[in-house]
Every structure is written in C-alpha cells, then in structure tokens.
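Colleague: Just a sequence and a predicted model for now, questions to come.
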Amino acid sequence: MAVAPLTGAKRLRQLLADPNKLIVAPGVFDGFTARLALAAGFDALYMTGAGTSISKLGWADLGVATLNDMVANASMIASLNPSVPVMADADTGYGGPLMVSRTVAQYARAGIAALHIEDQVQQKRCGHLLGKQLVDRETYYARLRAAVKTRNEVGSDMLIIARTDARQSYGFGEAVERLQEAVRIGVDVVFLEAMETEEEAAKVNVIFKGTYTFLNMVPGGTTPNMSVEKAQKLGFRIMIHPVICFQPIMDAVKKEFETLKSTGLCSEQNAAAGVKNAFNLAGLQECIALDREAGGKAYAAVGD
Ligand SMILES: C[C@](O)(C(=O)O)[C@H](CC(=O)O)C(=O)O
C-alpha cells in the first residue's frame with residue numbers, strides 16, 4: 001500500500017543503467033510467493049507463466065493460460081509493491097499482432113516493468129520440454145513489431161523482451177538471427193531460450209554486446225546450471241529463476257499433508273506457528289495501521 005516514487009518500469013531501467021549490475025529475479029506466481037520474494041529483498045520479481053498455469057489453473061505449462069489469466073495475476077503481483085519491478089511472461093502474446101498489441105497495452109496498464117514474447121506456436125510448452133514448434137520468422141517479427149509499437153504508443157517505459165525458442169529445432173544460428181532482427185525491430189532485451197552450453201551463453205553476450213541479455217535458469221532444464229556470479233561474468237543483465245518455488249512447495253506441503261493423514265494432526269511446527277506469520281507476511285500490520293491512521297476502528301483489536 002506504499003505510494004511508489006517510481007514505476008516498476010522506470011526502476012528496472014534505472015537498475016539496468018548500471019553496467020555492472022545483474023538483476024536476479026525469482027519466479028513468483030501468486031500473492032504468497034510474491035510476498036515471500038519481496039520480503040527476501042530481491043531487486044525485481046518474475047511472474048512465471050508455468051507457475052501461473054499450475055497455481056491458478058492447475059494445469060501444466062502447455063499454453064492453457066490465456067491473456068486474462070496472465071494479466072490478472074501479473075496485475076495483482078505488481079500492485080503489492082509497485083516500486084519493485086515485476087517482469088512477466090507473456091508467452092506468444094496470445095495471437096497475431098492485434099492480440100499482441102492488446103496484451104502489451106494491458107500489461108503496461110497493470111504496471112508490469114517488462115514482458116517477453118516468444119516464437120512458439122499457440123500450443124506452446126515450457127521451453128525446456130521437447131517437441132517445440134515455432135512460427136516462421138515473419139510471424140514472429142510481426143508479434144514483436146506490434147509489441148514495440150504498442151508500448152511506444154501507450155507511452156509506457158515497459159521493456160520488451162524478445163524470446164526465441166529456435167535453439168532446439170533450428171539450432172543456435174537461427175536463434176541468434178531471429179534475435180538480431182528483433183533488436184532491429186526495437187526490442188530492449190534478448191532472451192535466447194534453452195541455450196545448451198556455457199559456450200553458447202558466452203557467445204550470446206559477445207554477439208549482443210550493447211543490448212541487455214537475459215538468462216533463464218531452470219534447474220534440470222536444457223541450460224547448464226550457472227551461479228549468479230558466473231552469469232554476471234558472462235555479461236548477462238537479467239537472470240530469472242522461474243521455477244525456484246516449485247519443488248520446495250511440493251516437498252513441504254506434501255510432507256505436511258502426509259503428517260495429517262497418518263497422524264490426524266498437523267506437524268508441531270505448524271501448530272505452533274498459527275496464522276499470524278502468513279498474515280503478517282501479507283501486510284496485516286500495514287493494513288491495521290492504515291485503518292487506524294484514517295480514523296477507522298475495525299481492526300483495532302486484531303493484535304500483532
Ligand atoms: C520461463 C518460463 O516461460 C516460465 O513460464 O516461467 C518457462 C519456465 C519453465 O517452465 O521451466 C520456460 O522456460 O518456458
């Protein structure tokens with residue numbers, strides 16, 4: 001509920017202006033994970049499409065999520081602390097140039113700092129799964145042209161990130177050429193999805209010197225696991241860890257459910273925590289203070 005001195009997009013541009021800075025953004029997909037990432041003090045957040053698909057729809061990252069699903073989630077996450085930039089997945093842009101234009105306008109209005117548009121077909125999948133199909137170059141470029149034009153026309157500072165998934169089916173050369181044209185079209189950041197070696201990651205930074213480069217770190221995915229230090233050394237400017245919450249949540253919640261099923265009680269640690277930790281994480285005290293300062297009495301007795 002704080003009043004933000006800068007928009008997320010302006011803040012992201014300010015962070016990128018420091019050539020030595022690598023922006024590390026954990027993947028978040030709901031209010032809970034976003035609050036945890038904000039509390040941990042990250043410079044920026046990344047709204048993952050995969051996580052949005054699983055957490056909001058209960059389905060795997062296969063292009064099931066629509067523009068409405070994505071923009072509603074992104075908008076909620078960006079509203080929690082508008083001065084912390086939220087970069088968001090915009091998949092294929094959800095159709096042709098017209099639909100991409102609508103997507104970009106809606107993300108900009110939602111206060112998103114950056115979005116990425118890719119060149120997979122509508123029946124897309126996580127970039128680290130096999131069998132990806134791509135649209136041809138012209139179809140991809142039309143998506144990007146629509147994105148850049150709309151961003152400029154709505155007067156937003158939001159960064160447009162061009163993502164290509166061409167590495168898997170057409171090779172590194174095709175992926176590079178697609179991104180080179182993307183830069184000519186006017187995108188701000190290049191994202192070569194699913195690079196296969198550290199050498200490729202190094203080359204991307206040489207080839208695209210002068211353009212912000214983006215690294216997607218998916219453990220167990222196609223790209224070798226790299227530390228923040230390594231990514232910085234290679235020259236990347238933005239690094240996302242989109243699925244960082246998945247396994248920890250699954251492990252912890254599964255264990256707790258098993259405890260309840262087998263013993264009839266939740267764990268002692270859970271019982272001792274109560275609900276206040278989670279509510280405080282999600283702004284309980286700020287909400288009480290706001291109400292009190294405005295002269296309200298509704299939450300005076302809630303306690304801390
Ligand atoms: C970055 C990504 O688009 C996402 O939705 O977070 C995914 C992550 C994943 O599913 O592993 C992607 O890389 O396609």
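Modeller: Sure, I can see it.
Colleague: Contact residues of this structure facing the ligand?
Modeller: 27, 48-50, 61, 89, 126-128, 216, 218, 221, 242-243 (C-beta under 6 Å from any ligand atom). The way it works is simple: take the backbone N, C-alpha and C, and place the C-beta from them, glycine included.
Colleague: Can you add secondary structure and pLDDT and give these back as TSV?
Modeller: Formatted as TSV, the entries for these read as follows, by DSSP: H, G, I helix; E, B strand; the rest coil; pLDDT from 0 to 100:
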residue	secondary structure	pLDDT
Gly27	strand	98
Thr48	coil	98
Gly49	helix	98
Ala50	helix	98
Asp61	coil	96
Asp89	strand	98
Cys126	coil	95
Gly127	coil	95
His128	coil	94
Asn216	strand	98
Val218	coil	96
Gly221	coil	95
Pro242	coil	98
Val243	coil	98
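Colleague: So which of those residues is surrounded by the most neighbours?
Modeller: The most crowded member of the residues of the chain next to the ligand, judged by other C-beta atoms under 10 Å, is Thr48 (31 neighbours).
Colleague: Quick one: residues contacting that residue.
Modeller: If you count contacts by C-beta atoms under 8 Å, 6 or more residues apart in numbering, Thr48 has them with Gly27, Val28, Phe29, Asp89, Ile240, Pro242, Val243.
Colleague: Name the nearest residue to whichever residue of the stretch 151-300 of the chain sits closest to the ligand, ignoring sequence neighbours.
Modeller: When C-beta to the nearest ligand atom is the measure, the stretch 151-300 of the chain has its nearest residue to the ligand at Pro242, with 3.1 Å between them. Closest residue to Pro242 in three dimensions, ignoring its sequence neighbours and counting by C-beta to C-beta, 6 or more residues apart in numbering: Gly27, at 3.5 Å.
Colleague: can you pull the contacts of the one you found?
Modeller: Under the criterion of C-beta under 8 Å, 6+ apart, the contact partners of Gly27 comprise Thr33, Tyr46, Met47, Thr48, Ala50, Gly51, Ile240, His241, Pro242, Val243, Ile244, Cys245.
Colleague: Any figure for the gap between it and Thr197?
Modeller: 23 Å (C-beta to C-beta, to the nearest Å).
Colleague: Look up which residues are beta-bridged to the residue nearest to Pro242.
Modeller: Partner residues in beta bridges with Gly27: Tyr46, with DSSP bridges as the criterion.
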